[in-house]
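Chemist: sequence first, then the predicted structure, then my questions.
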Amino acid sequence: MTTQTPLSAQIKDYQNGFLQKANTDTISTMSQATTELANSGIVDNSLKVGDTAPDFTLPDPTGKQVKLSELLKEGPVVINFYRGQWCPYCNLEIRAFQQLLPDFQQANAQVIAVSPELPDNSLSITEKHELAFPVLSDVGNVVAGRYGLVFALSESLRPLYKGFGIDIPKSNGDDTYELPVPATYVIDSSGTIRYAYAEADYTLRAEPADVLAAVKSL
């Protein structure tokens, strides 16, 4: 198995650096928005282990259409829903999955990433991290909605994000500010969800090594 620093440790290092630079009001506003999202019950209403994974067809950055049910004919599929290439936590997560990709492939599993960003932005994250797995554009969050993951970014966070140089409407091609909560699923060849991780706190992510263990247990 490929050895790597746990994703949780990488995230903690990044977060510590951010907290040292951010002011108290910013931290408080972000924390409150996360608490409100958690209290909304969105995670409780998302798909769980044992549910049937909704099929979908989405484009990669080149315009190629990727269909989940076709991938499942070749073995299990890992689906990672991420917010966008502008999110540093998503970048850490995507890179961690890329580092373990040979291990997933050895286990006969395919990895795909899904975000609401326009194809050009999906291409950006693909090139930035030299990803060797499909990054698909779920424009309008249609697929993420079927998995019960979609929410509208709190209005209190919108000016903060703008101050960070993050333009979600531009990235997604609409003005809804809708995003998926970060989530990772392992789907077996029958289309059944065998591992599910969804978290309202965007700083918490599935550990790729745990996802790999779930794949190997099939």
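Modeler: Alright, I've got the coordinates.
Chemist: now name the helix or strand holding the closest residue to S40 other than its chain neighbours.
Modeler: Leaving out its chain neighbours, the residue that sits closest to S40 by CB to CB, 6 or more residues apart in numbering is F151, at 7.0 Å. All C-beta atoms are positioned from the backbone trio N, CA, C, and that covers glycine. Using DSSP states H and E, F151 sits within strand 150-152.
Chemist: which residues does that strand contact?
Modeler: Identification of contacts with strand 150-152 by CB atoms under 8 Å, 6 or more residues apart in numbering yields L37, S40, I42, N141, A144, T176, Y177, E178, L179, P180, V181.
Chemist: in that strand, which residues are buried?
Modeler: Buried positions in strand 150-152, judged by neighbour count with 16 or more other CB atoms under 10 Å: V150, F151.
Chemist: per-residue confidence averaged over it?
Modeler: Here strand 150-152 scores 98 as its mean pLDDT.
Chemist: same question, stretch 24-32
Modeler: 95.
Chemist: low-confidence stretches in this structure?
Modeler: Counting by pLDDT under 70, the ranges of the chain that qualify are 1-3, 122-126, 129.
Chemist: quick one, helices of it?
Modeler: For the chain, applying DSSP state H gives helices covering 7-21, 24-39, 68-72, 88-99, 101-106, 119-128, 142-146, 158-163, 168-172, 208-216.
Chemist: which residues does V186 bridge with?
Modeler: Per DSSP bridges, the residues bridged to V186 are V78, Y195.
Chemist: so it sits right up against R194, yeah?
Modeler: Yes - proximity of V186 to R194 meets the contact threshold set by CB atoms under 8 Å, at 5.0 Å.
Chemist: overlap of the contact sets of the two?
Modeler: With CB under 8 Å, 6+ apart, V186 and R194 have common neighbours P76, A214, L218.
Chemist: make a ChimeraX selection of the buried ones in the contacts of strand 150-152.
Modeler: Buried residues among these (16+ other CB under 10 Å), as a ChimeraX selection:
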select :37,42,141,144,177,178,179,180,181
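Chemist: nearest residue to the middle of this structure?
Modeler: Y82 (2.2 Å; CA atoms, centre = their mean).
Chemist: distance of that residue from G17?
Modeler: 20 Å (CB to CB, to the nearest Å).
Chemist: same deal with E93?
Modeler: 17 Å.
Chemist: distance of S171 from Q65?
Modeler: S171 is 21 Å from Q65, by CB to CB.
Chemist: okay, these two: which has more neighbours?
Modeler: S171 (22 against 10; other CB atoms under 10 Å).
Chemist: what residues are up against the more buried one?
Modeler: Under the criterion of CB under 8 Å, 6+ apart, the neighbours of S171 are G84, Q85, W86, P116, E117, L118, N121.
Chemist: same drill for E93 and G17, tell me which one is more crowded.
Modeler: Of the pair E93 and G17, E93 is the one with more neighbours under other CB under 10 Å, namely 24 against 11.
Chemist: isn't the more buried one up against N80?
Modeler: Yes - E93 is within contact range of N80, at 7.0 Å (criterion: CB under 8 Å).
Chemist: please enumerate the shared neighbours of those two.
Modeler: Joint contacts of E93 and N80 (CB under 8 Å, 6+ apart) are A206.
Chemist: neighbours of the closest residue to T34 other than its chain neighbours, how many?
Modeler: Nearest non-adjacent residue to T34, counting by CB to CB, 6+ apart: D201, 5.2 Å away. Residues contacting D201 under the criterion other CB under 10 Å number 15.
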